[in-house]
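Asks: Structure of the sequence below:
(chains A, B, C and D)
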Number of protein chains: 4
Amino acid sequence: MRVRGTMPVVLRLGIVGLGYWGPNLVRNAAGSSVWKLAAVADADPARLAKAETAAPFALRVSSLAEMLDAVDAVVVATPPETHESLVREALAAGKHVLVEKPLATQAGAAWDLVADAERRGLILAVDHTFVYTGAVEYLREAIASGALGSLYGLDSVRVNLGLYQRHASVCADLATHDIAIFNHLLGERPEAVSAVSLRMLTDSLRDVAYATLRYPSGIHAHLHVSWLSPVKIRRMTLTGSKRMALWDDVEPSEKVRIYDKGADFTGTDARSASFVSYRAGDTHLPAIDSREALSKVLTAFHAAITDGTPMRSSGEDGAIVVDVLDAIERSSDAGGAFVQIDYGRSLPGVPR
Amino acid sequence: MRVRGTMPVVLRLGIVGLGYWGPNLVRNAAGSSVWKLAAVADADPARLAKAETAAPFALRVSSLAEMLDAVDAVVVATPPETHESLVREALAAGKHVLVEKPLATQAGAAWDLVADAERRGLILAVDHTFVYTGAVEYLREAIASGALGSLYGLDSVRVNLGLYQRHASVCADLATHDIAIFNHLLGERPEAVSAVSLRMLTDSLRDVAYATLRYPSGIHAHLHVSWLSPVKIRRMTLTGSKRMALWDDVEPSEKVRIYDKGADFTGTDARSASFVSYRAGDTHLPAIDSREALSKVLTAFHAAITDGTPMRSSGEDGAIVVDVLDAIERSSDAGGAFVQIDYGRSLPGVPR
Amino acid sequence: MRVRGTMPVVLRLGIVGLGYWGPNLVRNAAGSSVWKLAAVADADPARLAKAETAAPFALRVSSLAEMLDAVDAVVVATPPETHESLVREALAAGKHVLVEKPLATQAGAAWDLVADAERRGLILAVDHTFVYTGAVEYLREAIASGALGSLYGLDSVRVNLGLYQRHASVCADLATHDIAIFNHLLGERPEAVSAVSLRMLTDSLRDVAYATLRYPSGIHAHLHVSWLSPVKIRRMTLTGSKRMALWDDVEPSEKVRIYDKGADFTGTDARSASFVSYRAGDTHLPAIDSREALSKVLTAFHAAITDGTPMRSSGEDGAIVVDVLDAIERSSDAGGAFVQIDYGRSLPGVPR
Amino acid sequence: MRVRGTMPVVLRLGIVGLGYWGPNLVRNAAGSSVWKLAAVADADPARLAKAETAAPFALRVSSLAEMLDAVDAVVVATPPETHESLVREALAAGKHVLVEKPLATQAGAAWDLVADAERRGLILAVDHTFVYTGAVEYLREAIASGALGSLYGLDSVRVNLGLYQRHASVCADLATHDIAIFNHLLGERPEAVSAVSLRMLTDSLRDVAYATLRYPSGIHAHLHVSWLSPVKIRRMTLTGSKRMALWDDVEPSEKVRIYDKGADFTGTDARSASFVSYRAGDTHLPAIDSREALSKVLTAFHAAITDGTPMRSSGEDGAIVVDVLDAIERSSDAGGAFVQIDYGRSLPGVPR
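Replies: Sure thing, here's the model as predicted:
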């Protein structure tokens, strides 16, 4: 689909859903050099009216169906429980689809959508925005280059006050980010998970959760998510044998710290008093690419369509995350024990 | 044993073990107005020599046995695996005992020591230092007074680099603090625990652990402890229906923050768009008693002996913590599922 | 000009200058309920084109002259050296004017503009945005209510890296804010100033300055501004006899702290060892109005026109600031000694 | 005086004055491998008694005179107004002297003491402790190695609540540190100073001061000191053409940050829009020597006596600081203008 020469072809994009995240998509699409924001849809006329300022020349309609003729690709940014049918509708119309996380609320449905897109030769991608941030790009390279040594474990805390969702748990809302980031950083998908998910505010809403993901490589990654914290925390710690890294996404500029710190086991002799030695060297705060990740998501979605460049957050990556979310719920319901994760697709379903 | 008048009787104290924590005990005992530091013991002559400056007039001996004639009470500050026999020896000699945490490495042994002390009419106490800090005193009062509303949950992070111990896990070292604090704040003991305890640095040492404690009141308290973190974190969050509290013990002065923040469930109508409302008012940083907690432990130990004033950290409190540590290990070994905690003593074993 | 009833009349606004600050004005004017953004002007077609998205229905022209027929009031947001002639042109056409700080680059010119507006019965206001922030509103009330006791002094640090201006000093750029805030908080204007202004990067640009302002009440206020700092700092300290306040504008939410701290002089007896006692109580972080200050500036400008409500940042307030900036330069050129500030208007030129 | 071989000769030290700082000297001297703490003196018996624990084998006397026979060198840690006579007395008895800052309260007296020590062939040193910290050592090397590029300026803030002194200003108490550090970092002494020193709490005490020091190299260094601040701040910024450094001494471990940030003047063409470019690269937090600086002061004092190794804080360095303090007072009294500093000794009185 790529035209000759150096200029990429401009494609027409439609955005369905103008709630919490939609306006960010509109703003980035409107400012994109490879997308033309051709249409926006929402059932709420007030939201449509608000979009007029940001997208004065886009078609404004109340449903996906009304925009299908005007677009080459669709972003689905509606509530999670509506993803499945809207993605299916867009794919059936031959449109490429980028869908907000989570891809679907049921694991089976997620894999069906992946298969559907493949059958039709269309791109299905999930907006795991964080894997496109400068911080994750830096950390993935730090792992790949061996700068951290061999990785021991990951720990993530993602807590704040609200925003409660009626039809989704705090895991679907927040842990989705952690799982997508873990998988992308490690280049593998977890094989088992142990989780405790709590209902603090009211019996009908799971608003605090803890989960430990075990990966085939032996690495454990822990996540703590909450809608009921007095402070907003976004901290991920990467513990390696040579260095340790801390990613604090609340920091306005100094988001990543690389610590030349660690411990070394020296105690082969059981009687020696000192069996672990410690290192504490310099700390390094690298300059991080601060471009808006969402803009890079849209560019990558375009490249996947025109060039076939693999996405960091393909439909398959999204379905894997849904499988993990499902396993978290099963473990929690079963009393917290590790449960195996049976992925909807066994081969070669390993995230890049 | 209290003499007439207002002046407390001065008792003679012996300290066994001058390793990591011993010198703090020596310094506080030397500066105490109710204790005379009469003897110190350590098998290492170099440590004994160092104690000369701080305790020039104390008897310096190599073992507990050699100091028994010279003291009324003993502090046992040796490695955990030696606690049981040393406490037994001191009790047998008719001495009151304050022992460093954990009281013992085996749950059964801990309860035996408690029973032994009771039989002999002696005080057995455990140095759960943190429950004597100004921060814990403030938070316990904030819960008791209803300032936080009804309590939803507790979350504690206690991580740093090292210090690895050869014969103890990170839970025995660090989670002991969290469990003692949780129990004291809530005034109850947990009924079940789900835990994952990891070996990151080497296969023989448990150095990272996560655990969720479930209390009879329905409250859940989570702890995260690690010897392998690039930064030192000591943060406990208390989530209440009216207010939330954050205790950051790494802060030099502003250790406690009370947030007039919260969420209220308003969504009885399933179709209403807004079903949770949020509050965000002022934040209050109370002035906290900054006296050294260890000094208050020694004073409380003296008062327990002379007046019978109950300790916040009795031998029974210590044995309960050992039972919880044991349950954490069992849960982790069993794959992370919640396990019931069978306390060595069922009645009336509720911490004050 | 106010119509009957409760609804304010909507006025037509034109904005001249779409550089650094202009887009913020455009966004706030476009979202205002009392202004209609009727026209925008800039000599640069690229900037005009960019404004199309935010203000699709506004007239887009290249100069002030071309918009005069279409507006009731004008915001001048062009470089400082152009303020004088543009404000004069707008006033001559009978338009009310809100001008970016500083009002003018020359003290004499500033007062001429004030007199011109008065003669014509038009509102002239200056966009001292910070005096409309929730933090300044809170602090002014804390002073007025006596919560801080009697005020001893103010200290402000406003430093960051850049943005260098070719035709303005760091004082005209940054100290303008501090002077406007000081004057507004204290309700008086300084009588003398001592200043050192430095040229660090190159001999032609004053990029670092320190100044002490002495007020008739005896209070001293110090400011430190810099374009050459590795970190961005926005901190103002208010020292009172009863309490102290700290305003850290870089903090995302907890911007103001009220410390129940202080010192009391008790030393009438020259031989007493202790002659000062210290207090250290709680710290209070009030919830602060977080609405965008610029929006409140535009609303206040509208109210000044329609109701005659006095502005917190009138033309006279702006001219006073220009007089102080002039005195800072004179003091620095004269070797740093305090110089008297001779205001262009002596009576009753006291800021509200 | 150095004996053959590798072991330094142990000298006998006496400490006069056991008030605020004295106990730190006692502790470091007691733990020194090159000093024997032979005597302590204070007129207050309670302070002497307290020193018994830390220095059980030292002579305890009430005055300098009583210890002179028992020591080779003396540390004078009494209030500033007593320094002159005590140093004179010790020198007259042939003792080397380390004196707390400031060396004397009068500039003339300070230089007399320097001359007296030289005449007698004795070491006179001043305890400018901060120049022995790991942070200052690192920063001095960063300047010397060119890592910061050419230095533009220094800025220091040293404020907190108290401790007021009856006979000394906040400058003598706190600015002394800044001046000593500035001189040591730059390797030169200031030629002029502009200062404003304020009396906030009461008319008899100067408790807040601002001063700008101008060095022969053209560098300006600014200091802000206060006894009346709600928070404790210890921050020094070093602005260089290549990098910038921030030293935050309140940080427990990460005290120094090196920023690869800066601005470059590119604007030779007066009409070019962009005349300054900005750089923002990585930030580096070097591991800093964390040994107690006071211990290094005592070791350096010993080396100066036995080996003739020059001190970083000689008597001459101390007299220079007193001259600067005197100039700060003169500038402030004269209305804030820059005053020349006439040093008591013109050649070769340049700090190393």
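
Asks: Return the backbone torsion pair for A:Lys261.
Replies: For A:Lys261, the backbone dihedrals (degrees, to the nearest 10) come out as phi -140, psi 150.

Asks: Select the longest helix from chain A.
Replies: Secondary structure of chain A per DSSP state H: the longest helix is helix A:315-333.

Asks: what's that helix packed up against?
Replies: If contacts are counted by 3 or more CB pairs under 8 Å, 6 or more residues apart in numbering or on different chains; DSSP states H and E, helix A:315-333 sits against helix A:107-120, strand A:124-127, helix A:176-186, strand A:192-198, strand A:208-214, strand A:339-340. Every residue, glycine included, has its C-beta placed from N, CA and C.

Asks: Most tightly packed of these?
Replies: Mean neighbour count (mean count of other CB atoms under 10 Å in any protein chain shown) peaks for strand A:124-127 among the helices and strands packed on helix A:315-333, with a mean of 28.

Asks: Now do whichever helix or strand comes after that strand: which elements does it pack against?
Replies: Using DSSP states H and E, the helix or strand that follows strand A:124-127 in sequence is helix A:134-144. Here helix A:134-144 touches helix A:176-186, strand A:228-240, strand A:244-248, strand A:256-265, going by 3+ CB pairs under 8 Å, 6+ apart.

Asks: Would you agree A:Gly262 is in contact with A:Lys242?
Replies: Yes: if you go by CB atoms under 8 Å, A:Gly262 and A:Lys242 touch, sitting 6.4 Å apart.

Asks: Those two - which one has more neighbours?
Replies: Shown here are A:Gly262 and A:Lys242; by other CB atoms under 10 Å in any protein chain shown, A:Gly262 has more neighbours (23 against 15).

Asks: From start to finish, how long is stretch A:102-109 in a straight line?
Replies: By CA to CA, to the nearest Å, the extent of stretch A:102-109 from end to end equals 11 Å.

Asks: Quick one: mean pLDDT for that stretch?
Replies: Here stretch A:102-109 scores 94 as its mean pLDDT.

Asks: and the most centrally placed residue in chain A, how far is that from chain B?
Replies: The residue lying closest to the centre of chain A (CA atoms, centre = their mean) is A:His128, at 2.8 Å. Distance, A:His128 to chain B, by CB to the nearest CB, to the nearest Å: 25 Å.

Asks: And A:Glu251, by the same measure?
Replies: According to CB to the nearest CB, A:Glu251 and chain B sit 13 Å apart.

Asks: ok, that residue - contacts?
Replies: With CB atoms under 8 Å, 6 or more residues apart in numbering or on different chains as the criterion, no residue contacts A:Glu251.

Asks: Then it would be within a helix, right?
Replies: No: read with DSSP: H, G, I helix; E, B strand; the rest coil, A:Glu251 is coil and lies in no helix.

Asks: Could you check the pLDDT of it?
Replies: With respect to pLDDT, A:Glu251 has a value of 93.

Asks: now it: how far from chain C?
Replies: 11 Å.

Asks: ditto for A:Leu98
Replies: Counting by CB to the nearest CB, the gap from A:Leu98 to chain C is 22 Å.

Asks: so that residue makes contact with A:Thr129?
Replies: No: contact criterion CB under 8 Å: A:Leu98 and A:Thr129 do not qualify, at 10.8 Å.

Asks: Would you verify that A:Glu81 is located in a helix?
Replies: Yes: counting by three-state DSSP, A:Glu81 is part of a helix.

Asks: In contact with the residue of chain A found nearest chain C, which residues are there?
Replies: Nearest to chain C, among the residues of chain A, is A:Pro56, at 4.7 Å (CB to the nearest CB). Applying CB under 8 Å, 6+ apart to A:Pro56 gives the contacts C:Glu52, C:Thr53, C:Pro56.

Asks: Show me how the record splits chain A into domains.
Replies: Chain A resolves into domains spanning A:11-130, A:132-293+A:321-340 when parsed by automatic domain parsing.

Asks: Next up, the contacts around the closest residue in space to A:Ala172 that isn't next to it in sequence.
Replies: Once flanking residues are discounted, A:Ala172 sits nearest to A:Pro102: 5.5 Å by CB to CB, 6 or more residues apart in numbering or on different chains. Each residue near A:Pro102 by CB under 8 Å, 6+ apart is listed here: A:Pro80, A:His83, A:Ala110, A:Val126, A:Ala172, A:Thr176, A:Gly318, A:Val321, A:Val322, A:Leu325.

Asks: Any chance of those in TSV with distance to B:Val250 as columns?
Replies: As requested, the contacts of A:Pro102 are exported to TSV (distance: CB to CB, whole Å):
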residue	distance to B:Val250
A:Pro80	38
A:His83	42
A:Ala110	42
A:Val126	38
A:Ala172	33
A:Thr176	31
A:Gly318	39
A:Val321	34
A:Val322	38
A:Leu325	34
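
Asks: For those residues, pick the one with the most neighbours.
Replies: Within the contacts of A:Pro102, most neighbours by other CB under 10 Å means A:Val126, with 34 neighbours.

Asks: Tell me who's in contact with that residue.
Replies: Residues in contact with A:Val126 (CB under 8 Å, 6+ apart) are A:98-103, A:180, A:313-315, A:317-318, A:321.

Asks: repeat that for 7 Å
Replies: A:Val99, A:Lys101, A:Leu103, A:Ser313, A:Gly315, A:Asp317, A:Gly318 (CB atoms under 7 Å, 6 or more residues apart in numbering or on different chains).

Asks: Show me which of those residues is closest to chain B.
Replies: Closest approach between the contacts of A:Val126 and chain B, by CB to the nearest CB: A:Lys101, at 21.2 Å.

Asks: ok, that closest one - how many residues close by?
Replies: 24.

Asks: Show me which residues of chain A sit near chain B.
Replies: Within reach of chain B by CB under 7 Å from any CB of the partner chain, chain A has these residues: A:152-153, A:161-162, A:164, A:166, A:194, A:196, A:198, A:200-202, A:208, A:210, A:212, A:220, A:222, A:228-231, A:237, A:239, A:244, A:246, A:259, A:261, A:263, A:265, A:267, A:275-276, A:278, A:335-338.

Asks: what pairs with A:Asp264 across the strands?
Replies: Note on A:Asp264: beta-bridge partners by DSSP bridges are A:Ser277.

Asks: Number of residues surrounding it?
Replies: Residue neighbour count, defined by other CB under 10 Å, stands at 14 for A:Asp264.

Asks: what about it, distance to B:Val136?
Replies: Applying CB to CB, to the nearest Å, the value for A:Asp264 to B:Val136 is 35 Å.

Asks: for A:Ala337, same thing?
Replies: Distance, A:Ala337 to B:Val136, using CB to CB: 33 Å.

Asks: Show me which of these two is the more surrounded one.
Replies: Neighbour comparison, A:Ala337 and B:Val136: the larger count goes to B:Val136, with 24 against 19 (by other CB under 10 Å).
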